[in-house]
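Got a predicted structure here, sequence first:
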Amino acid sequence: MDNSQRYEEEIDLKDLMLHILYRWRSVLVIAVLVCALAGGYAAIYDQNVYPKERSEVEGRLQTQKDILAELKEQAQPDAPAPTDSEGRTADQVQKAIEEIEKELGEVKELSIPKYAVIGFVGGMFVLVFCYCLGYVFSDMIRGERELKERYGYYMLGAIPKKRKKKLFSGVDGLLTKLSGTERISEEEAYRIVATNITNLAKDGGTFLVTGTVDIGRLEEFTERIVPQLPESVMLMTGASMNANASTLEMLAECDAVILVEEQDGSLRTKVQKEYESISALEKNVIGYVLT
């Protein structure tokens, strides 16, 4: 079994845990919402449903007690046991009373705190379970090392995504540290990519910058990276070769390829098609960049 097959069958528990933890805000919001709904249901039940159910059962119980008392008054020594309108004897009515008393004991108020806790835990569990399923069955590239594991490509660098500041953003920073990802500026990330390309290009050449991300992001990447490369390194930018014939023409003319893909955005099936096209022309991939 080769590396790509092993990777496809492997579920990285650390990546899965981080995948869920990065979504802690939505998990918390849904858990609180379900908590409120469950607690609200218990409160409405205690206020409206519980009194009516208890009153109805108590009414039936009192009716049976009155019937039993009446039968006992009618009882005479050495005479057949009296019966009620349904033909029941005092013993049978007594059994009915015991069953109703048991039913009355089961009619209880709902604990609002208990239902709120169950709702919170249940809401959190359901959403985490959904995220787990989404992670396992997703066709998106999971992490930085996936393309290396699948195809042996060298990682040139990762361009940090521009994220809006959110409430409790410090938690996100802590998760980033736990993931082992270095927190660097966007400028430094581009410098790292440019340095790696320069080192790997050696005597220079013409390189095709392509990937499954949109052409706008590919062009932005090229514009940012070209000023930092030596003159011997020429870059061509082409939209995804899976849907653009001109990129396939550039692929035939270039010396090597630089792939730009998006973590948690690029689909494995599309990247696989790129790999097949590149391999068919026996072109070298000097590395990939994640955005």
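Ah, there it is. Residues are numbered from 1 along each chain as shown.

and the residue of the chain positioned farthest from its centre, how far is that from residue 89?
No residue in the chain sits farther from the centre than residue 78, which is 77.4 Å out by C-alpha atoms, centre = their mean. Computed with C-beta to C-beta, to the nearest Å, the distance linking residue 78 and residue 89 is 16 Å. Every residue, glycine included, has its C-beta placed from N, CA and C.

Then residue 216?
89 Å.

Give me the number of neighbouring residues for residue 62.
Here the count is done by other C-beta atoms under 10 Å, and residue 62 has 12 residues near it.

Low-confidence bits of the protein, can you list those?
Filtered on pLDDT under 70, the chain yields the residue ranges 1-12, 162-182.

hey, where'd the helices end up in it?
Assigned by DSSP state H, the helices in the chain fall at 3-9, 13-21, 24-44, 50-74, 90-106, 112-137, 146-151, 169-179, 186-201, 215-225, 245-253, 268-280.

So which of these is nearest residue 262?
helix 215-225 (8.0 Å; C-beta to C-beta).

Show residues contacting that closest one.
159, 190, 193-194, 197, 209-211, 235, 237-239, 260, 289, 291 (C-beta atoms under 8 Å, 6 or more residues apart in numbering).

between those residues, which is nearest residue 102?
residue 291 (66.5 Å).

Name all residues that make contact with the closest one.
Going by C-beta under 8 Å, 6+ apart, residue 291 touches 158-159, 161, 213, 217, 221, 260-263.

Please repeat the previous calculation with a cut-off of 10 Å.
Neighbouring residues of residue 291 by C-beta atoms under 10 Å, 6 or more residues apart in numbering: 157-161, 189, 211, 213, 217-218, 220-221, 260-263, 265-266.

what's the offset of stretch 66-86 from the middle of its chain?
68 Å (C-alpha atoms, centre = their mean, to the nearest Å).

Quote the end-to-end distance of that stretch.
14 Å (C-alpha to C-alpha, to the nearest Å).

Just give me the residue right at the centre of the chain.
When C-alpha atoms, centre = their mean is applied to the chain, the residue found nearest the centroid is residue 131 (1.9 Å).
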